[in-house]
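**Student:** need a 3D model of the sequence below.
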Amino acid sequence: MSTASHPVTILGTGSSVPARVVTNEELSRTVDTSHEWIYSRTGITERRIAGTDESASEMGARAGRAAIEAAGLAPSEIDAVIACTMTPDMPFPSTACLIQQKLGLPTRTAFDLQAACSGFVYGLEVASALIQAGVHRHVLLVGTERISSIIDWTDRSTCVLFGDGAGAVVLGRGVAHDQGVIGVKTGADGSDAKLLFMPGGGSSVPASAESIAARQHFLRMNGREVFKHAVLVMEEIALDLLREHGVLRGEIDLVIPHQANFRIIDTLASRLEIPYSKFFVNLDRYGNTSAASIPLAIDEAVKAERLRPGQLVLLLAFGAGLTWGAALLRWPGNK
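**Tutor:** Numbering: from 1, shown residues only. Predicted coordinates:
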């Protein structure tokens, strides 16, 4: 294994979302809620819900294919697949292996990474390290989620928040150390794991008639406490990362946060003293897509020309675990 350090950059982006759009009005016909109640508390107006043929691996493969094409690479040039997901097609094999097969990629490294909504930032840290160390040249990093499969559609406190989708990037060697991925920081605290969790389905509470009757195979969340933790730790890790790399808040051109809740993003913008206008937000159309939210937003920002060569970009995430992360990137190209 080479010990040479290579700069790492994003070579291409892609995304995929289900065709079905579920609006707040549609949800209000089956759950005791309303568009006004949902929108005023979350900023969400609609979300995408996967059909029976739209698994996490299928959406991830579509996003991955688009990212590989955008990078101008052949499938044979992809050395590794990392799939970030908390809703894999099945416990094993990994969703990454299924994506690899669907895309016809070389039989090389493929594995899943589970850090819930922080998954993409965690994956960015791992993929960057693999490329910097010379282990791999091109890594396909996918965030893909079919969260509708673990939602209790009778619980209005959670079912209105989430949606399905996938986003992907191809990472590779850059040409300059001041371009691409400048730094990544991640953190975790398992002492608050039960603020956001799914009790059933694992080895602790395997599927049984009793666990199904107790509705233990659905996501559970203490929204108020998650909100408080999310704002505090994302602010802290963002400021730590900027200090570490000598970057002032005013130098940030664009912030792409985890798309969970408008109030979290608005509060975070205020605490970081970065104008809300510098935040890229698309949660109004997709809701919270967990590990898919940041790569999906990155791809949309590229297409909307909100991401331009030379810009300093800050990624921020928070999720179950509890986990959190931040990444600082110089978008490829010259101003």
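**Student:** tell me where the stretch 51-200 of the chain has helices.
**Tutor:** Secondary structure of the stretch 51-200 of the chain (DSSP state H, counting those that start in this stretch): helices at 56-70, 95-103, 119-132, 156-159.
**Student:** kindly reformat those as CSV containing mean neighbour count, mean pLDDT and distance to Leu322.
**Tutor:** For every residue, glycine as well, the C-beta is placed using N, CA and C. As requested, those are arranged in CSV below (neighbours: other C-beta atoms under 10 Å; pLDDT from 0 to 100; distance: least, C-beta to C-beta, whole Å):
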stretch, mean neighbour count, mean pLDDT, distance to Leu322
helix 56-70, 25, 98, 22
helix 95-103, 22, 98, 23
helix 119-132, 24, 97, 13
helix 156-159, 18, 94, 17
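**Student:** can I get those helices in JSON lines with distance to Glu300?
**Tutor:** Shown next, in JSON lines, are those (distance: least, C-beta to C-beta, whole Å):
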{"stretch": "helix 56-70", "distance to Glu300": "12"}
{"stretch": "helix 95-103", "distance to Glu300": "21"}
{"stretch": "helix 119-132", "distance to Glu300": "14"}
{"stretch": "helix 156-159", "distance to Glu300": "24"}
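**Student:** now stretch 166-178: mean pLDDT?
**Tutor:** Computed over stretch 166-178, the mean pLDDT rounds to 88.
**Student:** show me what contacts Asp155?
**Tutor:** If you count contacts by C-beta atoms under 8 Å, 6 or more residues apart in numbering, Asp155 has them with Phe218.
**Student:** report pLDDT for it.
**Tutor:** At Asp155, the pLDDT value in this model is 94.
**Student:** over to Ala4?
**Tutor:** So Ala4 comes in at 49 (pLDDT).
**Student:** Leu242 belongs to a helix?
**Tutor:** Yes: under DSSP: H, G, I helix; E, B strand; the rest coil, Leu242 falls within a helix.
**Student:** just give the nearest non-adjacent residue to it, would you?
**Tutor:** Arg249 (6.6 Å; C-beta to C-beta, 6 or more residues apart in numbering).
**Student:** contacting residues for that neighbour?
**Tutor:** Leu242, Leu272, Glu273, Ile274.
**Student:** my read: the last one touches Val255, true?
**Tutor:** Yes: shown here, Ile274 and Val255 form a contact pair, counting by C-beta atoms under 8 Å, at 6.0 Å.
**Student:** show me which positions of stretch 24-36 end up buried.
**Tutor:** Within stretch 24-36, the residues that qualify as buried are Asn24, Leu27, Ser28, Val31, Thr33, His35, counting by 16 or more other C-beta atoms under 10 Å.
**Student:** so what touches it?
**Tutor:** By C-beta under 8 Å, 6+ apart, the surrounding residues in contact with stretch 24-36 are Thr23, Ile38, Tyr39, Ile44, Thr45, Glu46, Trp153, Thr154, Arg156, Cys159, Val160.
**Student:** relative to Leu124, how far out is the residue nearest the centre of the chain?
**Tutor:** The residue lying closest to the centre of the chain (C-alpha atoms, centre = their mean) is Ala291, at 2.8 Å. According to C-beta to C-beta, to the nearest Å, Ala291 stands 11 Å off from Leu124.
**Student:** alpha carbons of stretch 142-156, as PDB, please.
**Tutor:** Extracted in PDB, the C-alpha atoms of stretch 142-156 (Å, rounded to 0.1, in the frame of the first residue of the first chain):
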ATOM      1  CA  VAL A 142     -23.600   6.700  -2.400                       C
ATOM      2  CA  GLY A 143     -26.200   7.900   0.100                       C
ATOM      3  CA  THR A 144     -29.500   6.100  -0.400                       C
ATOM      4  CA  GLU A 145     -32.600   5.600   1.700                       C
ATOM      5  CA  ARG A 146     -36.000   4.100   1.500                       C
ATOM      6  CA  ILE A 147     -37.100   5.500   4.900                       C
ATOM      7  CA  SER A 148     -40.800   5.000   4.000                       C
ATOM      8  CA  SER A 149     -40.100   1.300   4.800                       C
ATOM      9  CA  ILE A 150     -39.500   2.000   8.500                       C
ATOM     10  CA  ILE A 151     -42.100   4.800   9.100                       C
ATOM     11  CA  ASP A 152     -45.200   4.400  11.200                       C
ATOM     12  CA  TRP A 153     -47.700   6.000   9.000                       C
ATOM     13  CA  THR A 154     -50.100   6.500  11.900                       C
ATOM     14  CA  ASP A 155     -47.600   8.600  13.800                       C
ATOM     15  CA  ARG A 156     -47.900  12.200  12.600                       C
END
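**Student:** can you give me the buried ones in it?
**Tutor:** Buried residues in stretch 142-156, counted by 16+ other C-beta under 10 Å: Val142, Gly143, Thr144, Glu145, Arg146, Ile147, Ser148, Ser149, Ile150, Ile151, Arg156.
**Student:** that older thread, which of Ile274 and Val255 has more neighbours?
**Tutor:** Shown here are Ile274 and Val255; by other C-beta atoms under 10 Å, Val255 has more neighbours (24 against 18).
**Student:** going along the chain, name the strands of this structure.
**Tutor:** In the chain, the strands defined using DSSP state E lie at 8-16, 21-23, 46-48, 80-84, 109-113, 138-145, 165-173, 180-188, 196-197, 220-221, 254-257, 312-319, 323-330.
**Student:** distance to Asp299 added to these, as CSV?
**Tutor:** Converted to CSV, the strands of the chain look like this (distance: least, C-beta to C-beta, whole Å):
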stretch, distance to Asp299
strand 8-16, 4
strand 21-23, 18
strand 46-48, 14
strand 80-84, 15
strand 109-113, 19
strand 138-145, 11
strand 165-173, 5
strand 180-188, 17
strand 196-197, 26
strand 220-221, 27
strand 254-257, 10
strand 312-319, 13
strand 323-330, 14
